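S.K.: Take this sequence and fold it.
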Amino acid sequence: MADPRFFHRKGPFSVKDIAELTGATPVNAPDAERRFDDVAPLQIADSTILSFFDNRKYIDAFVGSSAGACFVRPEFADRAPKNMVLFTTDDPYRAYAKAATAYYPFETGNGIISDRAVIDPTAKLGTGIQIDACAVIGANCEIGDGTIIASNAVIGDGVVIGSGCKVGAGATISHSLIGNLCLIYPGARIGQDGFGFAMGPQGHAKVPQLGRVVIGNDVEVGSNSTIDRGAGPDTVIGNGCRIDNLVQIGHNVELGMGCVIVSQVGISGSTKLGNFVVLAGQAGITGHLEIGDGAKVAAQSGVMKNIGPGETVGGSPAVPVMDYHKQTVALSRLIRKKK
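M.R.: Residues are numbered from 1 along each chain as shown. You can find the predicted model right below:
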């Protein structure tokens with residue numbers, strides 16, 4: 001269970017509450033008012049706990065669990081312990097996420113502004129905002145209701161941040177417009193100059209970076225990730241994107257809705273991603289490419305040409321993933337022959 005020193009629990013919630021919240025169907029639940037105190041993994045749950053089973057690798061943990069209730073796919077319901085309340089659903093993990101969020105709601109501002117924060121008098125602050133010690137809010141900033149600005153974060157002049165956001169400790173944001181319900185984790189850097197130069201033997205002349213970073217709603221930007229502002233057009237991050245720690249996004253890049261960018265990915269300038277693109281860890285994407293909706297790039301791949309919608313690629317240079325596997329097998333056989 002979550003450590004109460006760090007996490008503050010709501011609840012308990014009844015069978016009826018959980019079903020209404022998640023849309024799951026109660027099974028083996030004669031008492032709709034029976035309440036569950038908390039959420040936890042199957043292996044440590046007891047009769048007061050709600051859990052989930054979503055991976056058949058853990059079937060033994062499910063069968064032997066003492067959890068009082070569990071989200072489960074309908075086809076596994078007959079494997080459940082005798083007295084376990086079931087919530088059947090086609091997506092147990094998503095249902096669990098909704099329930100866990102009810103027990104542990106996302107943090108919102110407490111309305112306290114530290115007297116050690118530095119806030120320009122022209123900044124416009126919404127209601128219920130929390131600004132911690134040593135945070136800096138620049139001139140003409142706009143920050144929405146309930147947003148949290150943690151210690152030592154720096155919000156540059158003119159930045160707009162929506163409602164219900166959290167900017168982590170030590171993050172810096174400039175030249176940016178950020179939507180609602182965004183999480184900017186500690187140490188993130190958003191809106192700094194893009195890497196743009198007119199190169200030549202006489203020296204590299206810096207090109208002014210005159211665009212912005214425009215981030216939609218419900219976006220997460222991980223710790224120590226960097227998003228450069230555009231050179232003239234904007235750098236755009238679509239609604240619902242998830243950006244892991246240690247990601248670099250170059251100037252003029254555009255991410256569609258719901259993209260997932262895993263740790264240590266680098267996206268070079270002016271590349272455009274469609275909706276729900278997934279870039280696995282340490283993938284490198286060269287500049288001025290187009291990657292179609294739903295495309296996937298395997299870990300450590302080097303992408304040097306456009307990728308069509310729904311394609312999955314791997315390797316360096318990246319090729320269709322089946323070709324990549326064939327190349328790997330062929331290389332392995334060649335090495336064995338030489339031995």
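S.K.: only C-alpha atoms for contact and neighbour calcs from this point on.
M.R.: Fine.
S.K.: Quick one: low-confidence residue ranges for the stretch 201-339 of the chain.
M.R.: The stretch 201-339 of the chain contains residues with pLDDT under 70 at 338-339.
S.K.: Mind jotting down where the helices sit in it?
M.R.: For the stretch 201-339 of the chain, the helices defined by DSSP state H, counting those that start in this stretch occupy 321-338.
S.K.: Who does the residue nearest in space to the middle of the chain form a beta bridge with?
M.R.: Here the mean C-alpha position of the chain is nearest to the C-alpha of residue 242 (Cα atoms, centre = their mean), at a distance of 3.0 Å. Counting by DSSP bridges, residue 242 forms beta bridges with residue 220, residue 260.
S.K.: isn't it right up against residue 215?
M.R.: No - Residue 242 lies out of contact with residue 215 (Cα atoms under 8 Å); the separation is 11.4 Å.
S.K.: ok, now which ones touch the residue nearest to the centre of the chain?
M.R.: Neighbour list for residue 242: 219, 220, 221, 258, 259, 260, 261 [criterion: Cα atoms under 8 Å, 6 or more residues apart in numbering].
S.K.: Can you tell me how far it is from residue 258?
M.R.: Separation of residue 242 from residue 258 (Cα to Cα, to the nearest Å): 7 Å.
S.K.: And for residue 46?
M.R.: Counting by Cα to Cα, the gap from residue 46 to residue 258 is 36 Å.
S.K.: When these two are compared, which one has more neighbours?
M.R.: Each of residue 46 and residue 258 has its neighbours counted (other Cα atoms under 10 Å); residue 258 has more, 21 against 18.
S.K.: do you know how far the residue nearest to residue 268 when sequence neighbours are not counted is from residue 159?
M.R.: Spatial nearest neighbour of residue 268, excluding adjacent residues (Cα to Cα, 6 or more residues apart in numbering): residue 287 at 4.4 Å. Per Cα to Cα, residue 287 is found 27 Å from residue 159.
S.K.: Residue 95 now?
M.R.: For residue 95, the distance to residue 159 - Cα to Cα - is 35 Å.
S.K.: if I read this right, the residue nearest to residue 268 contacts residue 269, doesn't it?
M.R.: Yes - counting by Cα under 8 Å, residue 269 is a contact partner of residue 287 at 4.9 Å.
S.K.: More neighbours: these two, which one.
M.R.: residue 269 (24 against 19).
S.K.: Next, the contact list for that one, please.
M.R.: Listed by Cα under 8 Å, 6+ apart, the contact set of residue 269 reads 249, 250, 251, 252, 253, 286, 287, 288.
S.K.: now it: how far from residue 98?
M.R.: 36 Å.
S.K.: swap in residue 6?
M.R.: Residue 6 is 20 Å from residue 98, by Cα to Cα.
S.K.: Neighbour count: these two, which is higher?
M.R.: Neighbour count, other Cα under 10 Å: between residue 6 and residue 98, residue 98 has more, with 17 against 7.
S.K.: Excluding sequence neighbours, find me the nearest residue to the more buried one.
M.R.: residue 22 (6.1 Å).
S.K.: quick one: that neighbour and residue 93 touch, right?
M.R.: No - the pair residue 22 / residue 93 is not scored as a contact, 10.7 Å apart, by Cα under 8 Å.
S.K.: Okay, buried residues for stretch 51-70 please.
M.R.: 51, 52, 53, 54, 62, 63, 65, 66, 67, 68, 69, 70 (16 or more other Cα atoms under 10 Å).
S.K.: Regarding it, how distant is the last residue from the first?
M.R.: Taking Cα to Cα, the first and last residues of stretch 51-70 lie 5 Å apart.
S.K.: same question, stretch 204-224
M.R.: 27 Å.
S.K.: How about stretch 207-224?
M.R.: 25 Å.
S.K.: Name the residues of it that are buried.
M.R.: Buried residues in stretch 207-224 (16+ other Cα under 10 Å): 209, 211-224.
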